[in-house]
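Asker: test case, fold it:
(chains A, B, C and D)
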Protein chains: 2
Amino acid sequence: MYQHKMEDDIRCPLEYGLEVFGGKWKSRIICVLAEKGILRYSELRKEMSNITDAVLASTLKELIVDDIVHRKSFDEIPPRVEYCLTEKGKSVVPILQSICRWSGAYHKEDNENTMLQCKKCDYKRGKGGNL
Amino acid sequence: MYQHKMEDDIRCPLEYGLEVFGGKWKSRIICVLAEKGILRYSELRKEMSNITDAVLASTLKELIVDDIVHRKSFDEIPPRVEYCLTEKGKSVVPILQSICRWSGAYHKEDNENTMLQCKKCDYKRGKGGNL
DNA sequence: CAAGTAACTATGAAATTTATTAGTAGCTCA
DNA sequence: TGAGCTACTAATAAATTTCATAGTTACTTG
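Answerer: All right, here's what the predicted structure looks like:
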């Protein structure tokens, strides 16, 4: 996924954006943190059914590198680490909401009856979804 | 990529949106058609440096299935096929623009000097880019 | 009559993304 | 004593996406 190599930075901003919050789990993590505020690692995982540790941890790393998510670790045992959105992270939420509105409108038309519930989050059509 | 199977339609709208215009070439095709209006297959390919026929043709198919792009073929020889955005396709342009604006702002901060030119399109920082 | 054209398709390989499984430290509770 | 907890990492495998190469049809132009 996105890494800060020189070569990769010579790109148009549209692609940068899609890389930062595209990808299978990134937008979902941003949604959950936008809704809940601060979450520990294990709480975050509980919110994301079907994600494994390897994937969650590496996705979080990417979001941290891109300054979307902030990580705060406490010096306790058992370990405690909290995640929340950065200001930059919060600023993508309106974009995600506009994508939701857009596709809500069009997808509904295409498939009135089938799009009732999401497997990955608790979105229900007409209920405002996860944002 | 996205296909209209029942299973895939039970998803949250955010993912539907990201699938429709995410992906390596989709947003680029939408941008070009938004700017130029109607283009023949070969003209479209000329605009997208480094894409191959296999990828362009299959990406176009996906965009057509999702009703983002309209295909009109003329009964001539040599063949003539024209592509343009549908109304639904035009309606994603503002979203792509908002992504551009967002990442233009943030990416600039991160990498003031490196993000000058895109390899895939003619975006130049500060010049309004490809949208 | 050979070469070129437009808009593709088919096939297989390479690259990338995502998933699976197992394991880590250092404590606490039964 | 040992099982459980937290927040991960490592190694590998599977799945998906993207790419490269070559070929197709039915004409037209040199």
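Asker: the nearest residue to A:V92 once chain neighbours are set aside and DNA strand D, how far apart?
Answerer: For A:V92, ignoring the flanking residues on the chain, the nearest one in space by CB to CB, 6 or more residues apart in numbering or on different chains is A:F21 at 5.4 Å. (C-beta placed from N, C-alpha, C; glycine too.) Per CB to the nearest atom of the strand, to the nearest Å, A:F21 is found 15 Å from DNA strand D.
Asker: where exactly do the helices run in chain A?
Answerer: For chain A, applying DSSP state H gives helices covering A:6-9, A:13-21, A:26-36, A:41-47, A:53-65, A:87-110.
Asker: buried deepest among the ones you listed, which one?
Answerer: helix A:13-21 (a mean of 24; mean count of other CB atoms under 10 Å in any protein chain shown).
Asker: for that one, give the mean pLDDT please.
Answerer: Across helix A:13-21, the average pLDDT comes to 87.
Asker: now do it against helix B:26-36, angle only.
Answerer: Using axes from the mean of the first three to the mean of the last three CA atoms, to 10 degrees, the direction of helix A:13-21 lies 150 degrees away from that of helix B:26-36.
Asker: output the contacting helices and strands for helix A:13-21.
Answerer: helix A:26-36, helix A:87-110, helix B:26-36, helix B:87-110 (3 or more CB pairs under 8 Å, 6 or more residues apart in numbering or on different chains; DSSP states H and E).
Asker: recalculate using a threshold of 7 Å.
Answerer: Packing partners of helix A:13-21 (3 or more CB pairs under 7 Å, 6 or more residues apart in numbering or on different chains; DSSP states H and E): helix B:87-110.
Asker: what is the orientation angle of the helix it packs on with helix B:53-65?
Answerer: Counting by the same axes, to 10 degrees, helix B:87-110 lies at 120 degrees to helix B:53-65.
Asker: tell me what helix B:87-110 is packed against?
Answerer: Contacts defined by 3+ CB pairs under 7 Å, 6+ apart place helix B:87-110 against helix A:13-21, helix A:87-110, helix B:26-36.
Asker: dump that helix to CSV, keeping only the CA atoms.
Answerer: C-alpha atoms of helix B:87-110 as CSV (Å, rounded to 0.1, in the frame of the first residue of the first chain):
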residue,chain,number,x,y,z
GLU,B,87,-25.6,11.1,-15.7
LYS,B,88,-24.6,8.8,-12.9
GLY,B,89,-21.0,9.1,-14.1
LYS,B,90,-21.2,12.9,-14.2
SER,B,91,-22.5,12.9,-10.6
VAL,B,92,-19.3,11.3,-9.3
VAL,B,93,-17.2,14.2,-10.6
PRO,B,94,-17.9,16.5,-7.7
ILE,B,95,-16.8,13.7,-5.3
LEU,B,96,-13.6,13.2,-7.2
GLN,B,97,-13.0,17.0,-7.1
SER,B,98,-13.5,17.1,-3.3
ILE,B,99,-11.0,14.3,-3.0
CYS,B,100,-8.5,16.2,-5.1
ARG,B,101,-9.0,19.3,-3.0
TRP,B,102,-8.6,17.4,0.2
SER,B,103,-5.5,15.6,-0.7
GLY,B,104,-4.1,18.6,-2.5
ALA,B,105,-4.2,20.5,0.8
TYR,B,106,-2.7,17.7,2.9
HIS,B,107,-0.3,16.1,0.5
LYS,B,108,1.2,19.5,-0.3
GLU,B,109,2.1,20.0,3.3
ASP,B,110,3.7,16.6,3.6
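Asker: and that helix, how far from the chain's centre?
Answerer: Put simply, helix B:87-110 sits 12 Å off its chain's centre (CA atoms, centre = their mean, to the nearest Å).
Asker: what does it rub up against?
Answerer: Residues from elsewhere that reach helix B:87-110, judged by CB atoms under 7 Å, 6 or more residues apart in numbering or on different chains: A:13-14, A:16-18, A:20, A:88, A:91-92, A:95, A:98-99, A:102, A:106, B:21, B:27, B:30-31, B:34, B:67-69, B:115, B:125, B:129, B:131.
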